[in-house]
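Asker: predicted model follows, preceded by the sequence.
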Amino acid sequence: MRALYRNDGPKTGRNILYMTATISYRSEYKGQFVKKIKVVGGNMKVVKDRWKPSTKNKLTWSKTVPLPEAEYIYVNSLPSDANLRKEIFRNFNIDNKLIDLIYELSTKEEIKSINQIIGFIKQRTSSKKSRGYKMLVNRYIKQLTQSGDGKFKFERRNN
């Protein structure tokens, strides 16, 4: 992105300015999130009847953009990339295997009820004898709610 400001130039005593912005994206998330924004700007000068950026009074601003944090994540539209799902749920205190199971269900059929999700998870984890794992799954399921539009979402809770 590049911007140029002109206001009558040197005749009025006002400066002609330029600004260039560069935005880089997080490659590890397939470019879905901004990583950094850098802006460079300053005065312009006339060189052989052309306006050129001056190196004098050059200003630079840079900001690293944190990954977004959501209060809710809709399970009806989880991304196919497992690493991206893991990153999205990083602040939700939810087991990644559980998220992968819900994603698997969403690719097989339309999710219409919480009981459907619970049934699928129980079916897929029935071979697990660990009582602790089943208690953990039940705890996570309590974070699942149905919104007014019929979609299901995990709500972030500080535990």
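Answerer: Now that the structure is in, tell me what you want to look at.

Asker: okay, CA-based contacts and neighbour counts for the rest of this
Answerer: Fine.

Asker: low-confidence regions, this structure specifically.
Answerer: Within the chain, the ranges that satisfy pLDDT under 70 run 1-14, 126-134, 136-137, 139-140, 142-143, 146-151, 154-159.

Asker: mind checking the longest strand of the protein?
Answerer: Criterion DSSP state E: the longest strand present in the chain is strand 34-47.

Asker: buried residues in that one?
Answerer: Of all the residues in strand 34-47, those buried under the rule 16 or more other Cα atoms under 10 Å are 34-35, 39, 41-45.

Asker: could you dump these to JSON lines with distance to E69?
Answerer: Shown next, in JSON lines, are the buried residues of strand 34-47 (distance: Cα to Cα, whole Å):
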{"residue": "V34", "distance to E69": "13"}
{"residue": "K35", "distance to E69": "14"}
{"residue": "V39", "distance to E69": "25"}
{"residue": "G41", "distance to E69": "31"}
{"residue": "G42", "distance to E69": "34"}
{"residue": "N43", "distance to E69": "38"}
{"residue": "M44", "distance to E69": "40"}
{"residue": "K45", "distance to E69": "44"}
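
Asker: need the helices for the chain, in chain order.
Answerer: In order along the chain, the chain carries the following helices (DSSP state H): 82-88, 96-108, 114-125, 131-141.

Asker: using CSV, list the CA coordinates for the third one.
Answerer: What follows is helix 114-125, C-alpha atoms only, in CSV (Å, rounded to 0.1, in the frame of the first residue of the first chain):
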residue,chain,number,x,y,z
ILE,A,114,-25.3,-31.8,21.3
ASN,A,115,-26.5,-35.3,21.9
GLN,A,116,-25.3,-36.2,18.4
ILE,A,117,-21.8,-34.9,19.3
ILE,A,118,-21.8,-36.7,22.6
GLY,A,119,-22.9,-39.9,21.0
PHE,A,120,-20.2,-39.7,18.3
ILE,A,121,-17.5,-39.0,20.9
LYS,A,122,-18.7,-41.9,23.1
GLN,A,123,-18.7,-44.2,20.2
ARG,A,124,-15.2,-43.2,19.1
THR,A,125,-13.8,-43.3,22.6
